[in-house]
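Novice: Kindly return the folded structure for what I paste below:
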Amino acid sequence: MLTRAPRQVKFLGATVHPMHPAHLPQRTVSVRLERKGEQVVGRSGDRQTGSELRSAAEAALDALGQLVGKEVSLVLRDVAPVVALRQSFVLAVVEVRMEGQTTPLLGVCRSSLHTARDGALAVLDAVNRRLGTG
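Specialist: All right, here's what the predicted structure looks like:
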């Protein structure tokens, strides 16, 4: 039986906030993460595409940025749903810049009915091994 190391950063949830008529077509998403009892909330809105998936991925990066500090730069290169081997997934490509090096990382999450959750978890999957976040 495989055992997993305890997660340093826990995903607590993703919330899609209703669009405000004055801000259409912007959709805002917040993502809650926790590390060692410290909870942070990342937020994002995608005014151009209204993409819930991208907004959630950016909100996850915003929350991670609060946890890792300014010495690490996290940039979302792409996030998209894909179908492979008759299964649906969300893939995220995140660029991590730290200690003078830039590394592109790929994360994956099996698709569910909660698009915001999937986008956030794909980002966490991308960065967790490099940053030791879970």
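Novice: what about the residue nearest to the spatial centre of the chain, helix or strand, and which?
Specialist: Among the residues of the chain, the one closest to the centroid is A120, at 3.0 Å (Cα atoms, centre = their mean). Following DSSP states H and E, one finds A120 within helix 115-131.
Novice: Would you mind pulling up the elements that that helix packs against?
Specialist: strand 9-17, strand 28-35, helix 52-68, strand 73-84, strand 87-98, strand 101-110 (3 or more Cβ pairs under 8 Å, 6 or more residues apart in numbering; DSSP states H and E). All C-beta spots, glycine's among them, are computed from the backbone N, C-alpha and C.
Novice: pLDDT averaged over that helix - what is it?
Specialist: Here helix 115-131 scores 90 as its mean pLDDT.
Novice: likewise stretch 97-105?
Specialist: The average pLDDT for stretch 97-105 rounds to 91.
Novice: So what touches that stretch?
Specialist: Applying Cβ atoms under 8 Å, 6 or more residues apart in numbering, the external contacts of stretch 97-105 come out as 71-75, 77, 93-96, 126-127, 129-130.
Novice: can you rerun that using 7 Å?
Specialist: E71, V72, S73, R77, V93, V94, E95, V96, A126, V127, R130 (Cβ atoms under 7 Å, 6 or more residues apart in numbering).
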